[in-house]
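Q: How does the following fold in three dimensions:
(chains A and B)
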Amino acid sequence: MNTSSRQSILERVRSATETAAPARIAEAYAALPRDYLRQGAMTREACLDLMIERLREYDAEVVETSPEQLLAAIRAQLETSGKRIFAAPEGLPSEWLIPGLDWKVDRGLTTAEIEAAEGVVTAAFCGIADSGTIALHHSPAEGRRVLTLLPDWHLCILRASQVVETLPEYFSRCPKPPALATYISGPSATADIEMTRIKGVHGPRFLHVLLVHDESIFKVAIRQGVDSKSARSTVSDGLPALPGTPDEL
Amino acid sequence: MSSVVPDRVVLDPRFAPPFPQAALPVLRNPQLRKNVAHAIDVIQGKRGKLVAEKTDWQALRTAASAIRSHALENLGAYLEQFEERCTAAGGIVHWAADAGEARSIILDLVRHENANEVIKIKTMTSAEIQLNPFLEANGVNVFETDLAEIILQLGEEEPSHIVVPALHVNRSQVREIFARRMGLKNLSDDPKELTNAARTYLRQKFLTIPTAIGGANSLIAETGSVAVVESEGNGRMCLTLPRTLITLAGIEKVIPRFQDLEVILQLLARSATGERMNPYTSLWTGVMPGDGPQEFHVVLLDNGRSSILAKPKQRQTLKCIRCAACMNACPVYRQTGGHAYGSVYPGPIGAILTPQLMNMEHAQSLPFASSLCGACYEVCPVKINIPEVLLELRSQVVNQERRQAGRIFDPLYLGLRIANFLFAGAGRFHAAQGLGRIGARLFTRKDGWIHSLPSVGAKWTQTRDLRGLPPQNFHEWWAARRKEAK
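A: Residues are numbered from 1 along each chain as shown, chains lettered A, B, ... in the order given. The predicted structure follows:
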């Protein structure tokens, strides 16, 4: 490395600006205006409806299910996909690996093996309704980055309790910044030729989302007129705890 | 070979012709103008709808502007923090004072890999330093992987927009380029089929070429992470599959914290492509064992940025997040397209960024390539006051010209000096006005309009008519009215 360029660039930068002490910088940063919408105002049901609507606008297929029906829903998705070879992250709950299909569990799969998989099934970290975005933090149940990249068909299992309304709500769900993250808003797309949107360039061309309604107590609470904020803390969970989900945080 | 743009396009500001001259081929090419106008209408329509649904749009702009300004004001500290955190996470940080140094750092890295092929994510910064021709000249085959960049690379075209670089090329032109260069005789001009051709063309390259070069949308000081936004997944391929990843980024790309992305990401896709969010955003931190490239280099590029930073009024240029909303909104860009700017950064942001990156030694015509209507400022997600910077740069260009020998006899400058003298006193002004009215009568036609003026006046009348002066002006009317009242 050429240390003299490092020095000369930093010197030029410092002489161009006022050099402040770290404490002053932190103070100035804390005082930056942030008057934008942080917390959404929708009911949980409206928020989930919005998430579904946005995903469908991206041509993603969304199926709603309950924790009890989840395995049947996964089976139905896989069977109707017309695919046989599926990749799965190592940390995916083993009961999700529906028997009778060719599963490639990622215990160090090669790129060629992943490329040979026709589909992939993963969990997710968070869903953001405002933009229909799925955030992956690549935990053991969400898999390495390449796993959700090469297979053409991606089934993502998202729990209702993971869905937030606004992007800032997602950021406040990150206890510390993730080292790795991928935000997916619909299948890969391009509009480079005459601004015509074409679905599916290099990433998966088909995105399927199973939305698992795991907020049953919460929903009952709303119907009984309980304040939504106190209800939020009593969200129960019909699913076995998954790695990389907010429960763990 | 048939090029979409008939006249040779030069995007090197050192050699490009001045804007009015470079704009002519486009203005005379109806197909090109149609391609540009169509693309812009589509993006603008989508953007308008999505911005309108965001009730906190102005608050987001204010926050983004403040975050970017704060990052620039404390750039030294944040750069060092980024370097420290990125290095701690296994990344290797390089510093390049100028384009030449960046090119040779990258070539050394590629040679160290024994690579004779690289895959690339679209990065305007690499176009700024003219990386591709340099690598090719040194025996490295470069494969662009963004669809628009493939179109340009295979068609030997130049980018005309920073987000949709091939917006000046239409589907039948893309078909012709792909059919010829990929050997696909039976290709149709259906965008879906063309996109599929690109997918097939690149798949093996993604899977086999072990070295990738890309850019950065944000460098996060707090964590040493890099963020890249994209649509197609070619970015994810380049960021995930190769053994070695080289990221080239301008020093101004740094943001203080991970959480700042909650502002930038809400603004960027809406402003750039009229989407609520781009299909893929990737964030990574140094080297992640078992996931992605196991060797990661960041090349931090100055190339004129630190001297822009030193000028308080111009510093805001560096807040830019490269969304291209300003060019989509610009009435001048709409007519001329991007090539007229003679730079990889066209449109209003290019008109202020390019001459500054050139230390005001080239591209001096660009600050004048604007009607100062302010549409660019209005749409800018980080509130860069582009008209203010344009005016500042114009005054610098005029001062440069004034210092040049021979300027004393230039009719324009002579005229302006006379005007300066006349406007300085009311008596002189009224006398000149009277004389001017007599003079203007010589050129005013029966319809009350002046259609052509001689000498410097022709610069005005060659593109527009001028209304003839009325027999009585306001001052005279006012004086006569007061006299009557008495």
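Q: isn't A:Val209 right next to A:His154, touching?
A: No - taking contacts as CB atoms under 8 Å, A:Val209 lies outside contact range of A:His154: 9.0 Å. Glycine gets a C-beta too; all of them are placed from N, C-alpha and C.
Q: Could you find the closest non-adjacent residue to the closest residue to chain B within chain A?
A: In chain A, the residue that lies nearest chain B is A:Gly203 (2.9 Å; CB to the nearest CB). Computed as CB to CB, 6 or more residues apart in numbering or on different chains, the closest residue to A:Gly203 that is not its neighbour in sequence is B:Gly233, at 2.9 Å.
Q: Please spell out the segments of chain B that come in under the pLDDT threshold.
A: Applying pLDDT under 70 to chain B flags the ranges B:1-7, B:405-406.
Q: Let's see that with 90 instead.
A: Per-residue confidence for chain B (pLDDT under 90) gives these ranges: B:1-10, B:25-26, B:32, B:185, B:398-418, B:430-442, B:444-448, B:452-476, B:483-486.
Q: Backbone dihedrals for the residue nearest the centre of it, both of them.
A: Residue closest to the average C-alpha location in chain B (CA atoms, centre = their mean): B:Tyr345, at 3.0 Å. Dihedral angles of B:Tyr345 (phi, psi; degrees, to the nearest 10) stand at phi -110, psi 90.
Q: Surely it is in contact with B:Thr354?
A: Yes - using CB under 8 Å, B:Tyr345 is in contact with B:Thr354, at 5.5 Å.
Q: Mean pLDDT per element in chain A, and the minimum belongs to which helix or strand?
A: With mean pLDDT, DSSP states H and E as the measure, the helix or strand of chain A carrying the lowest mean pLDDT is helix A:228-232 (a mean of 39).
Q: Any idea how many residues pack against the residue of chain B at minimum distance from chain A?
A: As assessed by CB to the nearest CB, chain A sits closest to B:Gly233 within chain B, at 2.9 Å. By other CB atoms under 10 Å in any protein chain shown, the residues close to B:Gly233 number 28.
Q: just the helices in chain A please.
A: Taking DSSP state H as the criterion, chain A carries its helices at A:3-16, A:22-30, A:44-57, A:70-80, A:111-116, A:167-172, A:216-223, A:228-232.
Q: If you drop the residues flanking it in sequence, what lies closest to residue 16?
A: Picked chain A for this. The nearest residue in space to A:Ala16 (CB to CB, 6+ apart) is B:Ala310, at 3.6 Å.
Q: oops, chain B please
A: Spatially, and ignoring its direct neighbours in sequence, B:Ala16 is nearest to B:Gly342 (2.5 Å; CB to CB, 6+ apart).
Q: can you give me phi and psi for the one you found?
A: phi 60, psi 30.
Q: Now do the contacts for it.
A: By CB atoms under 8 Å, 6 or more residues apart in numbering or on different chains, the contact set of B:Gly342 is B:10-13, B:16-17, B:19, B:22, B:354, B:363, B:366.
Q: Report the buried members of those residues.
A: By neighbour count, with 16 or more other CB atoms under 10 Å in any protein chain shown, the contacts of B:Gly342 hold B:11, B:13, B:16, B:19, B:22, B:354, B:363, B:366 as buried.
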